[in-house]
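A.B. asks: below is the sequence, then the predicted model.
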Amino acid sequence: MKTKKVFLSFMMAFYAVMIFSSPKANLKKTDERFLWVITGTDKNGNESKVYIQGTVHVATTNTCPLSDNVLKIFDEADRHVSEMSSSDYHQIQEVIQQKTLESAKKTGLNFLSLRLTPEEQEFYKTLADEVLKEEVPDDKTARDVAFLLLNRCEPWVSVQIINAYLLSKLDLNRENGIELQFYTRLENAGKEWDGLDSLETQVNVLLYGTYDEQVVLFKDSLHEAMDLEKMKEELNRMMTAYSSDDLDGLAECLLEDDKEKSSKNKKLYKKYNKVLITDRNKAWVKLIKNYLDQGGTTFIFAGAAHFLGDDSVFVHLKKAKIIE
């Protein structure tokens, strides 16, 4: 009799789980460029939708116009989510400036120029001077002092100088990127938005690595900047793939870039990509589940790389049995 009661209790618990557990949500790629929708049910059993817009952070002029349909979905959503929240978005530049000042005090007798070949030193000095001219166009002495300070900072600071140089040379800017278009639209409507990452996570990605590891990342970025023609070719391939909604094409471009970088420093880039992509993608899974449970319509916009390949957010959502 006791065995029978135990069996009946087990069966009742099993059927309760089957009845009351949320069914898996459905993932669908829409006809819009890099836009997916996850349709499920909220905690009350009502339909819930999470739209996910894969974005590019910067772009060339008129590369990424948003369709009227995407803007309609965006405007009518109950909540909006980006990689960083609206409050963090307005703080991050101040935090980076503070981290830059702190960086110059942490390096001791480490000077970045001592890690460079004469050719690398000459190119970086010219590159940095060109970027600094945007800030102090008529004061060569001030630019020289600024460069000396850069030399004292951790290498991640100089990586930002290279990024600024590449944006200029490749005719890229944030104004043409998808995020800024969405941010501007939300701010004009007086709306705030949530963040998939904390401010600490965003900053930690920027400051990733030991001094030696940052030197490697810096030198790899520097050598990319030294071959602008190759960069232009790769950029054109990526932007063409993104503009034409070619998921496989963009994934292939990103995979080739990863393979090339990791060919000489596989261990470092494996750790770096874990922090940059994998750990964040896994953390976003729980947040997406929470938005589904809240109900209504959520519109998420974040870098397209997070939604492509074997390590994508969607792969981790399937592993967590949240989507079919």
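C.D. replies: Sure, I can see it.
A.B. asks: mind listing the strands for the stretch 201-324 of the chain?
C.D. replies: 296-303 (DSSP state E, counting those that start in this stretch).
A.B. asks: now the helices: where do they sit in it?
C.D. replies: Along the stretch 201-324 of the chain, the segments classed as helices by DSSP state H, counting those that start in this stretch run 211-225, 228-243, 247-262, 266-273, 279-294, 313-319.
A.B. asks: what about residue 287, distance to residue 309?
C.D. replies: Between residue 287 and residue 309 the computed distance is 20 Å (C-beta to C-beta, to the nearest Å). In this view, the C-beta of every residue, glycine as well, is placed from N, C-alpha and C.
A.B. asks: same check on residue 49?
C.D. replies: 24 Å.
A.B. asks: quick one, which of the two is more surrounded?
C.D. replies: Neighbour tally, residue 49 and residue 309, criterion other C-beta atoms under 10 Å: the higher count belongs to residue 49, 20 against 17.
A.B. asks: now what about the host helix or strand of residue 40, what contacts it?
C.D. replies: Per DSSP states H and E: residue 40 is located in strand 35-41. Identification of contacts with strand 35-41 by C-beta atoms under 8 Å, 6 or more residues apart in numbering yields 22-30, 47-54, 70, 288, 292, 307, 314, 317, 322-323.
A.B. asks: name only those of the residues you listed that count as buried.
C.D. replies: 25, 27, 30, 48-54, 70, 288, 292, 307, 314, 317, 322-323 (16 or more other C-beta atoms under 10 Å).
A.B. asks: coming back round to it: now the helices of the stretch 201-324 of the chain in CSV, with distance to residue 124 and mean pLDDT?
C.D. replies: Output for the helices of the stretch 201-324 of the chain, formatted as CSV (distance: least, C-beta to C-beta, whole Å; pLDDT from 0 to 100):
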stretch, distance to residue 124, mean pLDDT
helix 211-225, 6, 95
helix 228-243, 14, 92
helix 247-262, 19, 87
helix 266-273, 20, 93
helix 279-294, 30, 97
helix 313-319, 36, 97
